[in-house]
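**Q** only the shape, not the letters, is given here:
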């Protein structure tokens, strides 16, 4: 699994998060450091499979490993998530606006149904178009 | 490129974001809808290559395509980023604490240097360990 193109930091962060096992490992490490064996326990997975996931997380800077040969606990490096959060931040306004619009539209619909009754054919038609 | 395992929503969102071209496409669409040709322009890329990226974004629910055959503009579906943001949110406290600790440590170091002078060998040693 050799990457020829250097992967930018943000891509390797998002890539590392694109797997439910890796996200579960991070969630476990959020409550404190753990050895590879401890991390493997809750998953029906071999140690080498878990080690592979840990390597992806380590390359992305999301975890660090202890240095002593016998006991190399993994610990979460939560700071590495900040860039991903900063990137998403730019879009927060957009999805909030979009959810506000949806909310406003649904309220409008309810209000009109109250005023005109649920069987007004005009309303039905508009709803059909909006849900298309 | 057929995925045999069904990919969970959050994994496909993070996976779609794990590429600088796809993030640039989303950034372009944040300022309004665009055709595939318009999206391809700023990148040194063939239309099929851009189309592949658009398919990944569409599968992740991050963009939608218009329905008319001739003009099928792409538009951003920013709401699809909310789950990724909610996931990161759980870790915000952790990286903020971690950055606060770093900040506190650096202030402490500056204060001690002021008090003891920069050439105190004890301080040098501690810094060496901390930067290891």
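**A** Now that the structure is in, tell me what you want to look at. All values reported here derive from a predicted model rather than from experimental measurement.
**Q** and the lengthiest helix in chain A, what does it pack onto?
**A** What stands out as the longest helix in chain A, according to DSSP state H, is helix A:82-116. With contacts taken as 3 or more CB pairs under 8 Å, 6 or more residues apart in numbering or on different chains; DSSP states H and E, helix A:82-116 sits against helix A:9-17, helix A:121-130, helix B:20-29, helix B:82-116. Quick note: C-beta positions are derived from backbone N, CA and C, even for glycine.
**Q** weakest of these by average pLDDT?
**A** Comparing mean pLDDT across the helices and strands packed on helix A:82-116, the weakest is helix A:121-130, with a mean of 50.
**Q** skipping adjacent residues, who's closest to the residue nearest the centre of chain A in space?
**A** In chain A, the residue lying closest to the centroid (CA atoms, centre = their mean) is residue A:17, at 6.4 Å. Excluding the flanking residues, the one nearest residue A:17 by CB to CB, 6 or more residues apart in numbering or on different chains is residue B:14, at 4.1 Å.
**Q** contacting residues for the one you found?
**A** Applying CB atoms under 8 Å, 6 or more residues apart in numbering or on different chains to residue B:14 gives the contacts A:14, A:15, A:17, A:18, B:84.
**Q** at 10 Å what do you get?
**A** Contact analysis of residue B:14 by CB atoms under 10 Å, 6 or more residues apart in numbering or on different chains lists A:13-19, A:22-23, A:84, B:8, B:60, B:83-84, B:87-88.
**Q** which of these are buried? Put it as a ChimeraX command.
**A** For the buried members of the contacts of residue B:14, the matching ChimeraX selection, counting by 16 or more other CB atoms under 10 Å in any protein chain shown, is:
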select /A:13,14,15,16,17,18,19,22,23,84 /B:60,84,87,88
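**Q** for the contacts of residue B:14, which one is nearest residue B:77?
**A** Checking the contacts of residue B:14 against residue B:77 with CB to CB, the nearest one is residue B:60 at 9.2 Å.
**Q** go ahead and confirm that closest one touches residue B:11.
**A** Yes - at 9.2 Å, residue B:60 and residue B:11 qualify as touching, with contact defined as CB atoms under 10 Å.
**Q** which residues are in contact with both of those two?
**A** With CB under 10 Å, 6+ apart as the test, residue B:60 and residue B:11 both reach residue A:18.
**Q** got a list of what residue A:56 touches?
**A** Shown in contact with residue A:56 (CB under 10 Å, 6+ apart): A:1, A:12, A:15, A:16, A:17, A:18, A:19, A:22, A:25, A:62, A:63.
**Q** mind redoing it with 6 Å?
**A** residue A:16 (CB atoms under 6 Å, 6 or more residues apart in numbering or on different chains).
**Q** and for residue A:103, the neighbour number?
**A** Per other CB atoms under 10 Å in any protein chain shown, the neighbour tally for residue A:103 reads 10.
**Q** for residue A:59, same thing?
**A** Per other CB under 10 Å, the neighbour tally for residue A:59 reads 14.
**Q** got the residues of chain A near chain B?
**A** Residues of chain A lying near chain B by CB under 6 Å from any CB of the partner chain: A:8, A:11, A:14-15, A:17-20, A:78-79, A:81-82, A:85, A:88, A:91, A:94-95, A:98.
**Q** looking at the helices and strands packed on helix A:82-116, which one is packed in the most?
**A** helix A:9-17 (a mean of 21; mean count of other CB atoms under 10 Å in any protein chain shown).
**Q** next, residue A:75: secondary structure please.
**A** Three-state assignment for residue A:75 (DSSP: H, G, I helix; E, B strand; the rest coil): strand.
**Q** how about it: what's its closest non-neighbour residue?
**A** Using CB to CB, 6+ apart, the nearest residue to residue A:75 is residue A:33, at 4.2 Å.
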